[in-house]
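**Q** below: sequence and its predicted model.
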Amino acid sequence: MDHFRAIGPQLFNSFPIQVEEREKLDAFLQVLESSQVWKYLNSKDETGRPAYDQYRLFAVILLGFALGKASLREIESSCRNDLRFIYITGGSYPSYVTISRFIQNVITPNIEQIFACIVKRIFSETQLNMQTVFLDGTKQEANANKYKFVWKPIHYHQKLSDKVRALLNTLALSANVPAERILSSKIIMDKLDEAKQIPPENVPGGLKALNAMRNNLASYLLKTVEYEEKEAICGPNRNSYYKTDHDATAMCLKQDYYSGLGSNMHAAYSVQALVSTGFIVSYLVSQERSDLKSFQPILNTFKRMYGYYPKEVGADSGYGNLDNYEYCKKLGIDAYVKYQAWNGESSGRNPAVYESLADGSILCLGKRKGYITEIKNRHPKKPGVVF
C-alpha cells in the first residue's frame with residue numbers, strides 16, 4: 001500500500017500483537033487504501049518536512065472513534081499504550097493538540113467526501129447497494145448552559161418600533177418612515193441626527209422636553225441594535241439560541257431531567273441518519289425542531305455525497321406531509337412514509353375532515369370547496385381558509 005501502510009513488528013513491543021488483531025488491522029488499512037480517501041487528506045498548510053504521517057494519523061483517529069475513544073486525550077494515550085495503535089503509527093506519539101489540529105484543518109472541511117469514500121468502499125466490498133434507505137432522527141442535547149437561552153425578540157421589536165413612530169410623530173419627523181413594518185437602526189439613527197437640529201422653541205415644553213425626547217430616541221436606538229443582533233444570531237429559520245452556544249436551539253427532548261415528559265426547553269441539535277442494510281450512509285445535524293423539515297435536506301445530502309437519489313425511502317409519520325410526498329414524486333423516489341393522521345383515519349376513530357385536491361384547494365365533508373389564503377398578522381404556518 002502506498003499510503004496506509006503499517007510498520008512491521010517492533011523490537012520494543014514486549015507483548016507482540018496477536019495475529020488475529022493484526023489481520024483485522026491490515027484489512028482495516030486495506031479498506032482505507034482502496035477507498036482512495038487519501039485524496040482528501042493532503043494538508044496544504046504544511047511547509048517543509050511534515051510533522052507527522054497524515055495517513056497513519058487519520059487511521060488512528062478513525063480506529064479510536066470506532067472503538068469508542070471519543071476523547072482526543074484517550075486517542076493520545078492509546079498511541080502510547082495500545083499495541084493496535086502502535087502497530088499503525090509505527091511508534092510515533094501524536095499529541096492531542098496535533099490530533100485536534102488535524103481534525104479541524106484537514107478532516108472537518110472534507111468530512112462529507114471522506115465519509116462517502118469509505119461508505120462506498122464498504123458497500124463495494126460487501127456487494128450491497130444503497131437503493132433502499134430508512135430515515136430516523138433524534139435530538140441531542142448541546143453542552144450549553146440550559147438557563148441562558150434567548151428568544152427571538154420579534155414581538156418586542158415591533159412594539160419598540162411603534163413607540164419610535166409615536167415619538168417621531170411628536171417631533172414631526174415621521175417623513176419617509178414606514179407605517180407598519182419594523183424600523184431598522186439606520187432609520188432611527190438618521191432621525192436622531194435630525195432631532196438634534198430641531199430648535200427648542202418648536203417643541204412644546206422647550207429645551208427640557210426636547211432633550212428628554214432625544215434621550216428616549218437614543219435609548220430606543222440602543223435597544224433596536226440589541227434586538228437586531230439577537231435576530232441576526234437566530235437567523236430566519238429559528239426563534240431561539242443560547243448565550244453559551246449560539247448554534248444550539250431550544251427544543252423539547254424525549255428525556256427530560258426535570259419532569260421526564262419532554263415539556264421543558266433545552267439546548268439541543270437535531271440529528272438525522274439515513275441507514276441502508278445496517279450501515280449509516282448519510283447524516284444531517286441541523287437546528288430544525290421538527291423532523292418534517294429535515295426530510296428533504298438529508299436526501300439532498302445523500303445526492304451530494306453519492307451522485308444519485310435512493311430508489312426507496314422509509315420513515316415514520318414524523319416525516320409525512322404533502323411537501324415531502326410531492327418532493328419524492330418529483331424525483332421518482334418511492335416513499336413509504338405514513339402521514340400523521342394515518343392511524344386515526346385507517347381505524348375510523350378520527351376520520352379526515354378535509355380532502356386536499358390537485359388544484360391546491362380543500363374539500364370538506366359537506367362537499368364545500370375551500371381555498372387557502374394568507375391572513376394579515378397571522379403566523380405564516382397557520383394560513384386561513386376561505387369557503
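**A** Here it is on my side, so go on.

**Q** was I right about Ala315 contacting Leu292?
**A** No - contact criterion Cβ atoms under 8 Å: Ala315 and Leu292 do not qualify, at 10.4 Å. For glycine as for every other residue, the C-beta is placed from the backbone atoms N, C-alpha and C.

**Q** thinking Leu29 is in contact with Phe4, fair?
**A** Yes - if you go by Cβ under 8 Å, Leu29 and Phe4 touch, sitting 4.3 Å apart.

**Q** can you list residues touching both of these two?
**A** Between them, Leu29 and Phe4 share these contacting residues under Cβ atoms under 8 Å, 6 or more residues apart in numbering: Ala59.

**Q** on that earlier part again, of Ala315 and Leu292, who's got more company?
**A** Ala315 (23 against 15; other Cβ atoms under 10 Å).

**Q** list the contacts for that one?
**A** Each residue near Ala315 by Cβ under 8 Å, 6+ apart is listed here: Phe134, Leu135, Asp136, Phe295, Ala335, Tyr336, Val337.

**Q** what does Lys39 give?
**A** Cys117.

**Q** and it, that's in a helix?
**A** Yes - looking at Lys39 with DSSP: H, G, I helix; E, B strand; the rest coil, it is inside a helix.

**Q** the closest residue to Leu299 other than its chain neighbours: how many residues sit nearby?
**A** Excluding the flanking residues, the one nearest Leu299 by Cβ to Cβ, 6 or more residues apart in numbering is Tyr309, at 6.3 Å. Using other Cβ under 10 Å, Tyr309 has 16 neighbouring residues.

**Q** got the contacts of Ala315 as a markdown table, with pLDDT, secondary structure and distance to Ala273 columns?
**A** A markdown table is the format used below for the contacts of Ala315 (pLDDT from 0 to 100; DSSP: H, G, I helix; E, B strand; the rest coil; distance: Cβ to Cβ, whole Å):
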| residue | pLDDT | secondary structure | distance to Ala273 |
| --- | --- | --- | --- |
| Phe134 | 96 | strand | 9 |
| Leu135 | 95 | strand | 7 |
| Asp136 | 94 | strand | 6 |
| Phe295 | 95 | helix | 13 |
| Ala335 | 93 | strand | 17 |
| Tyr336 | 94 | strand | 17 |
| Val337 | 93 | strand | 16 |
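
**Q** any idea which residue is closest to the centre of this structure?
**A** Ser286 (1.7 Å; Cα atoms, centre = their mean).

**Q** near Cys252, how many other residues are there?
**A** Cys252 has 14 nearby residues by other Cβ under 10 Å.

**Q** surely it touches Ala267?
**A** No - counting by Cβ under 8 Å, Cys252 does not reach Ala267; the two are 11.8 Å apart.

**Q** make sure Ala250 is indeed in a helix.
**A** No - secondary structure of Ala250, determined by three-state DSSP: strand, with no helix assignment.

**Q** what residues are bridge-paired with it?
**A** On the basis of DSSP bridges, Ala250 is bridged to Ala267.

**Q** tell me, how many residues neighbour it?
**A** Number of residues near Ala250 (other Cβ under 10 Å) recorded here: 19.

**Q** same deal with the one 3 residues further on?
**A** Leu253: 17 surrounding residues under other Cβ under 10 Å.

**Q** now swap in Gly91 and tell me
**A** By other Cβ under 10 Å, 12 other residues sit near Gly91.

**Q** separation between it and Gln36?
**A** Here Gly91 is placed at a distance of 27 Å from Gln36 (Cβ to Cβ, to the nearest Å).

**Q** okay, helices next: where are they in the stretch 1-150 of the chain?
**A** Assigned by DSSP state H, counting those that start in this stretch, the helices in the stretch 1-150 of the chain fall at 19-34, 54-66, 72-81, 83-89, 96-102, 111-126.

**Q** which of these sits most buried?
**A** Across these, the average number of neighbours (mean count of other Cβ atoms under 10 Å) peaks for helix 83-89, which reaches a mean of 22.

**Q** can you give me the offset of that helix from its chain's centre?
**A** Centroid separation for helix 83-89 versus its chain: 35 Å, with Cα atoms, centre = their mean, to the nearest Å.

**Q** now do stretch 312-328
**A** With Cα atoms, centre = their mean as the basis, stretch 312-328 stands 20 Å off its chain's centre.

**Q** can you give me the buried ones in that stretch?
**A** Neighbour-count burial for stretch 312-328 flags Val313, Gly314, Ala315, Gly318, Tyr319, Gly320, Asn321, Asn324, Tyr325, Tyr327, Cys328 (criterion: 16 or more other Cβ atoms under 10 Å).

**Q** ok, now stretch 223-238?
**A** Quick answer for stretch 223-238 (16+ other Cβ under 10 Å): Lys223, Thr224, Tyr227, Glu228, Lys230, Glu231, Ile233, Cys234, Arg238.

**Q** can you say which two of these are spatially most distant?
**A** Farthest pair in the buried residues of stretch 223-238 (Cβ to Cβ) is Lys223 and Arg238. Separation: 21.8 Å.
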